[in-house]
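*Asks:* Mind folding the following:
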Amino acid sequence: MVTFVDQVTLHLKAGNGGDGCTSIRREKYKPLAGPDGADGGDGGSIYLVTDPNVTTLLDYHHRPHRAAESGGSGAGDYRNGARGEDLYLPVPIGTVVKDHRGNVLADLAEPGMELLVAEGGSGGLGNAALASRKRIAPAFHLLGVPGWSGDVTLELKTVADVALVGFPSAGKSSLIAAMSAARPKIADYPFTTLHPNLGVVQAGQMRYTIADVPGLIEGASQGKGLGLEFLRHVERCSALLHVIDCATLEPGRDPLSDLKVILGELEAYEVPAGQTPLHERPQLIALNKVDVPDAKELAEFVKADFEALGYPVFLVSSATTEGLRELNFALAKLVTEERKTQIPAGQKRFSLLPQKQKDSGFVIRPEEIGGEPVFRIIGAKPERWVAQTMFGNADAVSYLSERLQKLGVEDALYKSGARRGSTVIIGEGDGVVFDWDPLVSSVAELADGVDPLDGNARRTNQQRRQEYYDMMDARARGRAEREAVRESSVFVEDEIE
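*Replies:* Numbering: from 1, shown residues only. Model (predicted):
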């Protein structure tokens, strides 16, 4: 049965926004008293919150699908839809959040941090909110925007001050049980520890945490034993304590060769950029199991060799607690010095979503699908507006065209080479496909190939003046001709009389 999970993929679905409402108020003697359709409610968002009482991702291993509540639809008589309730997911301190491509989005290393991972959709406007001087009684409303949906990966990296590393059965679990109130599983066979154990140690007025990780063996970096997978729990530790078994009877092993093997495996582990490699961090040596006579003799024999390498060395026994007090205060002093060099925590609340000031931007990407050129529009606002539009309603489609024109989409399409009838897609993937029909007449003339700003097609003032003179001359000739006809008609009438 799985009791500890340190990596899980969450499938999240934020709440959808509620639809607006189209409604006309009716009163006595006023059957059409104006629009009163209300707005839809916003959908609920999903947050990750670090909780000191949560130590594993086991709950999300069993239930990886999480969804927030959707907003309610608006109604007549100005009744807005209910807002969807937000969903808060507690995670352990030290959880790293990654997107589906493996990029690190956030590192939740402090208690109480909140991270918005899935934003709920905004509710659609009712026809009362859409009314204006030009549009007195809109016969449409806006739909609710779908909430964000996708996958995020949670990876737990234990937060501790000191990490215990060493071969399996070196006595790491016994040592953490002797120094703290932790009660890990202890047995006399290798790989008893299958997941990290944390313990809180008190040294006078000083308190620090230690972590016991599964044992390493030679070749762990190539996947032998439990591999280096659990070493990610050591990444945050300020110092390492090598626990070396001086009572082992395995052939080919001795304290110095054990330390050399462990250092080689630590050097093979790649830490994230900006962190100190594990083998370069402050390290201490604990020669364990000195309650065994032969082990104590061996420990005293090799102690000078370890000290010659520059390591502080302690002879300890978890069974008799010999040497644990000195080791405890030495670790506390080392942790105190390391904490002084740490950078204070940054901001407590932040969001994964794009900032609002970038919301109005969009790009037009020329593409070719099936040999036909198309123009794809990518942007938060155009995509959201399309999702809000009722395409079965002509007024709603007209409203969408006005919004896109005000945003500058038509001018951008013309500059990208689009013409009347070109295929335009809004959004990624299938998106919304339509044939471009410019709304503004000037853009329509440009799209039809007639450039009103072309210098060759425009008349100069001299040409206009000449045309005016020609027109006046033509009128004068016309008057003269009509006068001549009239005079000739009078002469004929006199002859008839």
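*Asks:* For the rest of this, base every contact and every neighbour count on C-alpha atoms.
*Replies:* Noted.
*Asks:* mind listing the helices for this structure?
*Replies:* Residue ranges of the helices in the chain, as given by DSSP state H, are 58-62, 127-130, 172-179, 255-268, 293-308, 324-341, 380-388, 394-407, 409-415, 441-447, 461-496.
*Asks:* got a list of contacts for the second one?
*Replies:* By Cα atoms under 8 Å, 6 or more residues apart in numbering, the residues outside helix 127-130 that reach it are 20-23, 35-39, 78, 137-141.
*Asks:* CA atoms of that helix as CSV?
*Replies:* Output in CSV follows, covering the C-alpha atoms of helix 127-130 (Å, rounded to 0.1, in the frame of the first residue of the first chain):
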residue,chain,number,x,y,z
ASN,A,127,-28.4,43.0,-22.0
ALA,A,128,-28.9,45.6,-19.3
ALA,A,129,-25.1,46.1,-19.0
LEU,A,130,-24.8,46.2,-22.8
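*Asks:* in that helix, what counts as buried?
*Replies:* Neighbour-count burial for helix 127-130 flags Asn127, Ala128, Ala129, Leu130 (criterion: 16 or more other Cα atoms under 10 Å).
*Asks:* any low-confidence regions in this structure?
*Replies:* In the predicted model, the chain carries pLDDT under 70 at residues 1-4, 159, 185-195, 217-230, 342-360, 439-459, 489-497.
*Asks:* Surely Pro52 is in contact with Gly94?
*Replies:* No - assessed by Cα atoms under 8 Å, Pro52 is found out of contact with Gly94, at 10.0 Å.
*Asks:* Please say which of the two ends up with more neighbours.
*Replies:* Set Pro52 next to Gly94 and count neighbours by other Cα atoms under 10 Å: Gly94 wins out with 22 against 14.
*Asks:* From Tyr311, how far off is the closest residue to that one other than its chain neighbours?
*Replies:* Using Cα to Cα, 6 or more residues apart in numbering and skipping residues adjacent in sequence, the residue nearest Gly94 is Ala109, 4.3 Å away. Using Cα to Cα, to the nearest Å, we find Ala109 at a distance of 30 Å from Tyr311.
*Asks:* Name the residue in these two with the higher neighbour count.
*Replies:* Set side by side, Ala109 and Tyr311 give different neighbour counts by other Cα under 10 Å, the larger being at Ala109 (19 against 16).
*Asks:* Quick check: the more buried one vs Pro92, distance?
*Replies:* For Ala109, the distance to Pro92 - Cα to Cα - is 9 Å.
*Asks:* Save the helices of the chain as a markdown table, and put in distance to His11 too.
*Replies:* Formatted as a markdown table, the helices of the chain follow (distance: least, Cα to Cα, whole Å):
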| stretch | distance to His11 |
| --- | --- |
| helix 58-62 | 10 |
| helix 127-130 | 35 |
| helix 172-179 | 35 |
| helix 255-268 | 33 |
| helix 293-308 | 50 |
| helix 324-341 | 37 |
| helix 380-388 | 22 |
| helix 394-407 | 32 |
| helix 409-415 | 34 |
| helix 441-447 | 45 |
| helix 461-496 | 69 |
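*Asks:* Among the ones you listed, which comes closest to Ala14?
*Replies:* Among these, the nearest to Ala14 by Cα to Cα is helix 380-388 (15.4 Å).
*Asks:* The closest one packs against which elements?
*Replies:* strand 362-369, helix 394-407, strand 423-426 (3 or more Cα pairs under 8 Å, 6 or more residues apart in numbering; DSSP states H and E).
*Asks:* how about the helices of the chain, which one is nearest Ala160?
*Replies:* Nearest to Ala160 among those is helix 324-341 (10.2 Å), distances taken as Cα to Cα.
*Asks:* ok now that closest one, how far from the chain's centre?
*Replies:* With Cα atoms, centre = their mean, to the nearest Å as the basis, helix 324-341 stands 38 Å off its chain's centre.
*Asks:* And for stretch 363-373?
*Replies:* 28 Å.
*Asks:* so the closest residue to Gly361 other than its chain neighbours bridges to which residues?
*Replies:* For Gly361, ignoring the flanking residues on the chain, the nearest one in space by Cα to Cα, 6+ apart is Gly379 at 6.0 Å. Using DSSP bridges, the bridge partners assigned to Gly379 are Phe362.
*Asks:* Likewise for Val152?
*Replies:* Leu10.
*Asks:* So that it lines up with my notes, have the first residue be 24 from now on.
*Replies:* Yes, from this point I'll number from 24; that puts the last item at Val175.
*Asks:* can you count the residues close to it?
*Replies:* 22.
*Asks:* And Arg488, by the same measure?
*Replies:* By other Cα under 10 Å, neighbour count at Arg488 equals 12.
*Asks:* what does Leu128 give?
*Replies:* So Leu128, with other Cα under 10 Å, has 16 neighbours.
*Asks:* What of Thr344?
*Replies:* Using other Cα under 10 Å, Thr344 has 15 neighbouring residues.
*Asks:* Next: Thr446.
*Replies:* Thr446 has 17 neighbours, counted by other Cα under 10 Å.
*Asks:* Distance of it relative to Glu395?
*Replies:* For Thr446 relative to Glu395 (Cα to Cα), the value is 8 Å.
*Asks:* what do you get for Cys44?
*Replies:* 39 Å.
*Asks:* So for the two, which sits in the more crowded spot?
*Replies:* Neighbour count, other Cα under 10 Å: between Cys44 and Glu395, Cys44 has more, with 32 against 9.
*Asks:* Relative to Ser261, how far out is the more buried one?
*Replies:* 58 Å.
*Asks:* same question, Ser341
*Replies:* In terms of Cα to Cα, Ser341 sits 23 Å off from Ser261.
*Asks:* what sits against the spatially closest residue to Glu451 that is not a sequence neighbour?
*Replies:* The shortest distance from Glu451 to any non-neighbouring residue, by Cα to Cα, 6+ apart, is to Ile401 (7.0 Å). Going by Cα under 8 Å, 6+ apart, Ile401 touches Phe385, Val386, Ile387, Arg388, Ile449, Gly450, Glu451.
*Asks:* Quick check: ChimeraX command selecting the buried ones in those.
*Replies:* Applying 16+ other Cα under 10 Å to the contacts of Ile401 leaves a buried subset, and the ChimeraX line that selects it is:
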select :385,387,449,450
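*Asks:* in the sheet, who's paired with Pro113?
*Replies:* Bridge pairing for Pro113 - DSSP bridges - gives Val72.
*Asks:* so it makes contact with Leu71?
*Replies:* Yes - Pro113 lies in contact with Leu71 (Cα under 8 Å); the separation is 5.9 Å.
*Asks:* distance of Leu148 from Ala162?
*Replies:* 12 Å.
*Asks:* Same drill for the two, tell me which one is more crowded.
*Replies:* Taking other Cα under 10 Å, Leu148 and Ala162 do not tie; Leu148 has more neighbours (27 against 20).
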